[in-house]
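Asks: A predicted structure for the sequence below; I have some questions about it.
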Amino acid sequence: MNGVYLTAAELEALQGCGPLAITAYLRLRSWMDLKSGVVGLERTISRHALLMYAETNVPRGAGMQVIKPTVKELRCALDRLERAGLVKRIGNDDLLVFKLPMAQTLSLAQIKQGRVRADSEGREQGREQGRAKPSNGEGLWAEQGAEQGREQDRGKNAKQGRYQRSESKPSTPQAAYTPANGVDADSAVAAFGSARNPKVEADEAVMRRAKSLAGMVRQKGGSVAAMDSRVLQWAREGVTEAQVGEAMRLARARRDEEGSGQPIGTGFVDVLLRDVLSPPKPKAAPWWVSPASMEAKAREVGIDGARVGESMEAFRARVTTAMRRVEEGVA
């Protein structure tokens, strides 16, 4: 079924929940499994995905400004949906799985009707393949198509016997919580959550790292928003607490030099952190700062050292002229 059908109860409950809650609920409804009324098992969802669909594009001059809600605002919106009875959290904080109690789901009769229709279409397709005239003249494809149609007819008309083999389908998380087999959704969530998912584990490690780095910024007197994108990038790059602490020290020294009481945000810290991670190479001293360095430069360009009674300015001018000749290729 294409599209999302909202019942009168859902529309009534959504009233007063706010635009962000309504947008999030519509997305959850579009991803919901129609047989169980559960979203988040067959297709994993994340707060990042919900926030991406909740963005607002506002025209600004010749461009477009993207206004994105925060994770805290999304949490509040989901809490409002839960208080309204529209969603029921059956996962944990890491595994977003919800039961949508007011959503209309497929009945067992509708599910069986869909299976019967699929079986009928399969048998008809097999008969059509059997009646089709083979292109190679050997009758191989016609024989296989006819046999497929006969096998489907025998499977449909045969009664379940003691020694009759039944076809089984591989178990999937979706099949584990369908109402037909009597297994509740909570058990399916527990089984699904126990499986090791490398991507989820990697994301959790990044989140723990980002939380630790954000704590270091706050400890040093900085200001950091929840789930700051820069802090997440630091965590992905493997930045350490010591490096963030050094960047905060530089930021505090810069503010003291300027006599500014402006709060230290993650944007300012990120600029200084790049200097900590890749410190600039010290610049070499100019060749004319000392007699020794001027003598070395003179030997490099192939002239004699300072002459007797020659001033430093004259010696420097002679070395500069020699350097220009070398650059121009003049002997």
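Replies: Okay, I see it. Worth saying up front: this structure is predicted, and the values here are computed from it rather than measured.
Asks: alpha carbons only for contacts and neighbour counts from here, please
Replies: Noted.
Asks: So which residues make contact with stretch 301-321?
Replies: Applying CA atoms under 8 Å, 6 or more residues apart in numbering, the contact partners of stretch 301-321 are 288, 291, 294, 295, 297, 298, 299, 322, 323, 326.
Asks: Just the buried residues of it, please?
Replies: The neighbour-count check on stretch 301-321 (16 or more other CA atoms under 10 Å) flags 301, 305, 306, 315, 316, 318, 319, 320 as buried.
Asks: quick check, nearest of those to residue 62?
Replies: Within those, the smallest distance to residue 62 is 52.7 Å, found for residue 320 (CA to CA).
Asks: hang on, the closest one in a strand?
Replies: No - judged by DSSP: H, G, I helix; E, B strand; the rest coil, residue 320 forms no part of a strand; its state is helix.
Asks: Could you report the pLDDT at it?
Replies: pLDDT for residue 320: 89.
Asks: Residue 77 contacts residue 23, doesn't it?
Replies: No - contact criterion CA atoms under 8 Å: residue 77 and residue 23 do not qualify, at 9.5 Å.
Asks: Between the two, which is the more surrounded one?
Replies: residue 77 (21 against 17; other CA atoms under 10 Å).
Asks: What sits closest to the more buried one if chain neighbours are left out?
Replies: With sequence-adjacent residues excluded and distances taken as CA to CA, 6 or more residues apart in numbering, residue 77 is closest to residue 21, at 4.6 Å.
Asks: Give me the buried stretch members for the helix or strand hosting the one you found, please.
Replies: According to DSSP states H and E, residue 21 maps onto helix 19-31. Neighbour-count burial for helix 19-31 flags 20, 21, 22, 23, 24, 25, 27, 28, 29, 31 (criterion: 16+ other CA under 10 Å).
Asks: Now do the helices in the stretch 201-331 of the chain.
Replies: For the stretch 201-331 of the chain, the helices defined by DSSP state H, counting those that start in this stretch cover 229-237, 241-258, 266-277, 291-301, 312-328.
Asks: Tabulate these in JSON lines, adding columns for distance to residue 40.
Replies: Below are those laid out as JSON lines (distance: least, CA to CA, whole Å):
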{"stretch": "helix 229-237", "distance to residue 40": "24"}
{"stretch": "helix 241-258", "distance to residue 40": "34"}
{"stretch": "helix 266-277", "distance to residue 40": "33"}
{"stretch": "helix 291-301", "distance to residue 40": "71"}
{"stretch": "helix 312-328", "distance to residue 40": "69"}
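Asks: distance of residue 204 from residue 95?
Replies: 11 Å (CA to CA, to the nearest Å).
Asks: Same check on residue 62?
Replies: Counting by CA to CA, the gap from residue 62 to residue 95 is 40 Å.
Asks: One more: residue 15?
Replies: 27 Å.
Asks: Which residue of these two possesses the greater neighbour count?
Replies: Ranked by neighbour count (other CA under 10 Å), residue 15 and residue 95 place residue 95 first, with 18 against 11.
Asks: The spatially closest residue to residue 32 that is not a sequence neighbour and residue 244, how far apart?
Replies: What sits nearest to residue 32 in space, not counting adjacent residues and going by CA to CA, 6+ apart, is residue 39, at 4.4 Å. In this view, residue 39 and residue 244 are 39 Å apart by CA to CA.
Asks: Can you show me the CA trace of stretch 50-63 as CSV?
Replies: The C-alpha coordinates for stretch 50-63 follow below in CSV (Å, rounded to 0.1, in the frame of the first residue of the first chain):
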residue,chain,number,x,y,z
LEU,A,50,14.5,11.9,11.8
LEU,A,51,16.3,15.3,12.1
MET,A,52,17.2,15.2,8.5
TYR,A,53,13.6,14.9,7.4
ALA,A,54,12.6,17.6,9.9
GLU,A,55,14.8,20.3,8.3
THR,A,56,13.2,23.6,7.2
ASN,A,57,14.5,25.4,4.1
VAL,A,58,14.1,29.2,4.4
PRO,A,59,15.0,31.4,1.4
ARG,A,60,17.7,33.9,2.3
GLY,A,61,18.6,36.2,-0.6
ALA,A,62,19.9,34.1,-3.5
GLY,A,63,20.5,31.0,-1.3
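Asks: Identify all contacting residues around that stretch.
Replies: With CA under 8 Å, 6+ apart as the test, stretch 50-63 has contacts from 20, 23-24, 27, 64-71, 74.
Asks: how about a cut-off of 10 Å?
Replies: If you take CA atoms under 10 Å, 6 or more residues apart in numbering as the criterion, stretch 50-63 is touched by 19-25, 27-28, 48, 64-71, 73-74.
Asks: Assign residue 104 to helix, strand or coil.
Replies: Residue 104 ends up coil, using three-state DSSP.
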